[in-house]
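Asks: any chance you could fold what I've pasted below:
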Amino acid sequence: SERKPHLLVAILGVLKAGAAYLPIDPVYPPERVHFMLEDSDAKIILTQSSLKDNLNLTGRQAILLDEHWPEISKRPIHNPKTKVTPNHLIYVIYTSGSTGKPKGTLITHYNVVRLFQATDHWYHFNENDVWTLFHSYAFDFSVWEIWGALLYGGRLVIVPQLISRSPEQFYQLLLKEKVTILNQTPSAFKQLMHAEEMIGKPPYNTNLRYIIFGGEALDLNSLRPWFEKHRDQQPQLINMYGITETTVHVTFRPINQQDLEAARGSVIGLPIPDLQVYILDQYLQPVPIGVPGEIHVAGAGLARGYLNREELTATKFVPHSFSDETDARLYRSGDLARFLENGDIEYLGRIDNQIKIRGFRIELGEIETILAKHPAVRSCLVITARDHQGNNLIAAYIVPREGQEVTSHQLREYLRESLPEYMVPSAFVLLEEFPLTPNGKIDQRALPDPLTHRIDLQREYLPPKTPTEEVLAQIFGKILNIPKIGINDHFFELGGHSLLATQLISRIRDALGVDLPLKILFEHPVLSELARAVDQLKTQQTKKHEQAIKPIDRSSKLPLSFAQQRLWFLYQMDPNDASYNIPAAFRVKGPL
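Replies: The predicted model follows:
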């Protein structure tokens, strides 16, 4: 379902009925949705009429929240007789899997409720707090947003999809709704900081009490512009490391300006009180302070395991050798970290082939598995790289089959049939053969830079012709770090993504004075098409501003405004009351 109030009502209804919910984002490709429904054996699908055609409803009951609402509203409102215990499932969230298929993580009611009980002494959330549902409800950060508001009786502002992709509009929403608790991935917060700089007004006051980071590694140095404006005053910035398998959050670390001056890395603090964090070597033994090792988590937040993946569950949830309890478990995170001398934990990255991009956890092996099935691909390698702004991106190296030609557009379209947009590589590089080490393994150090050797740069260059095209080419080039941009270049095929798209919208507004809806960029990502859309929109907005106010017909009686009706009513009650009399009035005629 789309992000609307009925989405939350549906989730509450599922839980009230004693069932668990499986969130499926409408942007997921049909193949992924089909796998999730088959793998989970979901019996009932709550959706809306505009999305039902994307679903395989064979053997399942579909409830259309918009179309069936009149019938739903007639159902009894009393609590059904269900026997839900803390150990019952509350949700199943699917994350990327190394085998090419996503895996469902099983979380219980107890897992979620204890998360807020264990962190209450830090935050003191209350009924006066205003939260935003900013993230996809298929991303477990949304669990913290939804239940953080509802369990404390606070207010939850459901952020429309388009506003969540426009930092300026989202910043204005924060001010308008007087939001007090904001949850952000570091990537999204960078855009929000820029929006505040562009449209905010000193002293940049908001109602925010806390800004909580999660979903990906936090680069402390990226917060420097924020602290230059806000110092250490309210709101308090908090970094929380977390994993889906340990119920959203694992650690807690307040961030202040001194952390920037100390030039620390991505510090994630100390574990939540009902969790334990161990940093172990490959033999599951503790490493000394300062020595990197793998994060292992134990305690009340651990999930049951993976749905229908007993072998994988046994591999990732291992016996807790440091506990006296026979059934205690440790979760092997695959994350690299080390203890600092002050007791802090410093996050160092991944030790396997898994990454996080814009908060989403991605198995590169899943992308490779699907890419290798393309008929023109002989072999492939998917890696991570950094763009010129320091953000993670996915790059794919392709060795095509003999006699086969393939374009980045064809590869992207092929992957989009099976993968969500955030898992489609930003850059594709064609190779004749992979460079190998003396041991016969791919020599990743010898691979060409994906940003300067990607297929998209080997295209025919057609220069801009109109003034708008010239401006857009300059903006494309600065954002994508590509020196020459032609009129047939495609923003997303040159490495653009949703976060860069928000920068593009902002710079178009600054350079051309046009408020370009994000939807238009996705509909017209080719520069020449976008230029025409911008010119058309600019003409419409100019005409709108130039329209004169037309006087209405005053020959007949006009209805009273509410204020006038109130005065008339008071006069009827007491005609002698002079409280609202006007001592003098002037009628002015002619131009001012």
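Asks: CA atoms for contacts and neighbours, from now on please.
Replies: Fine.
Asks: distance of F322 from Q285?
Replies: 10 Å (C-alpha to C-alpha, to the nearest Å).
Asks: I should have written L151 there, sorry.
Replies: Where Q285 is concerned, L151 sits at a distance of 39 Å (C-alpha to C-alpha).
Asks: do the same with K589
Replies: 89 Å.
Asks: got it, and F476?
Replies: Following C-alpha to C-alpha, the distance that separates F476 from Q285 is 50 Å.
Asks: more crowded one of the two?
Replies: Shown here are F476 and Q285; by other C-alpha atoms under 10 Å, F476 has more neighbours (27 against 13).
Asks: which pLDDT value goes with the more buried one?
Replies: Per-residue pLDDT puts F476 at 92.
Asks: wait, it touches F492, no?
Replies: No. Shown here, F476 and F492 do not form a contact pair, counting by C-alpha atoms under 8 Å, at 10.4 Å.
Asks: from S379, how far off is P448?
Replies: To S379, P448 is 16 Å away according to C-alpha to C-alpha.
Asks: which of those two has more residues huddled nearby?
Replies: Just comparing P448 and S379: by other C-alpha under 10 Å the higher neighbour count belongs to S379, 18 against 15.
Asks: all helices of the stretch 451-592 of the chain, in order?
Replies: Secondary structure of the stretch 451-592 of the chain (DSSP state H, counting those that start in this stretch): helices at 467-480, 498-512, 518-523, 527-546, 562-573.
Asks: so how far is A511 from the nearest residue to L275 once chain neighbours are set aside?
Replies: In space, and not counting its chain neighbours, L275 is closest to G299: 4.4 Å by C-alpha to C-alpha, 6 or more residues apart in numbering. Here the criterion is C-alpha to C-alpha. By it, G299 lies 53 Å from A511.
Asks: tell me which of those two has more neighbours.
Replies: Neighbour count, other C-alpha under 10 Å: between G299 and A511, G299 has more, with 20 against 12.
Asks: residues contacting the more buried one?
Replies: D274, L275, Q276, A328, R329, L330 (C-alpha atoms under 8 Å, 6 or more residues apart in numbering).
Asks: surely the fourth one and R304 touch.
Replies: No. Contact criterion C-alpha under 8 Å: A328 and R304 do not qualify, at 11.8 Å.
Asks: what's the helix or strand for A188?
Replies: helix 186-199 (DSSP states H and E).
Asks: check D39 too.
Replies: Short version: D39 belongs to helix 30-40, going by DSSP H and E.
Asks: what's the local residue count around D259?
Replies: Neighbour number of D259 under other C-alpha under 10 Å is 15.
Asks: go on, L558?
Replies: 8.
Asks: okay, it: pLDDT?
Replies: 81.
Asks: distance check, it against L567.
Replies: 16 Å.
Asks: kindly report the same for R358.
Replies: From R358 to L567 the distance is 56 Å (C-alpha to C-alpha).
Asks: tell me which of the two has more neighbours.
Replies: R358 (19 against 12).
Asks: let me see the backbone angles for that one.
Replies: The phi/psi pair for R358 (degrees, to the nearest 10) reads phi 50, psi 40.
Asks: the nearest residue to it once chain neighbours are set aside: how many residues sit nearby?
Replies: Nearest non-adjacent residue to R358, counting by C-alpha to C-alpha, 6+ apart: S187, 5.8 Å away. By the measure other C-alpha under 10 Å, the count of residues near S187 is 21.
Asks: same check, this time on V526
Replies: Other residues within reach of V526, judged by other C-alpha under 10 Å, total 18.
Asks: which residues touch the nearest residue to it once chain neighbours are set aside?
Replies: Of all residues beyond its chain neighbours, the one nearest V526 is H490 (4.3 Å), with distances taken as C-alpha to C-alpha, 6+ apart. Residues near H490 by C-alpha under 8 Å, 6+ apart: P525, V526, L527.
Asks: which ones are touching the first one?
Replies: Neighbour list for P525: H490, F491, F492 [criterion: C-alpha under 8 Å, 6+ apart].
Asks: do the same with the second one
Replies: V526 makes contact with I487, N488, D489, H490, F491, according to C-alpha under 8 Å, 6+ apart.
Asks: which one among those gets closest to A20?
Replies: F491 (39.7 Å; C-alpha to C-alpha).
Asks: any idea how far R509 is from the closest residue to that closest one other than its chain neighbours?
Replies: Once flanking residues are discounted, F491 sits nearest to P525: 5.3 Å by C-alpha to C-alpha, 6+ apart. Distance, P525 to R509, using C-alpha to C-alpha: 16 Å.
Asks: pLDDT below threshold where in the stretch 301-450 of the chain?
Replies: 353-354, 436-441 (pLDDT under 70).
Asks: which stretches in it count as strands?
Replies: Counting by DSSP state E, counting those that start in this stretch, residue ranges of the strands within the stretch 301-450 of the chain are 305-306, 317-319, 329-339, 345-350, 354-357, 360-363, 377-386, 392-400, 427-430.
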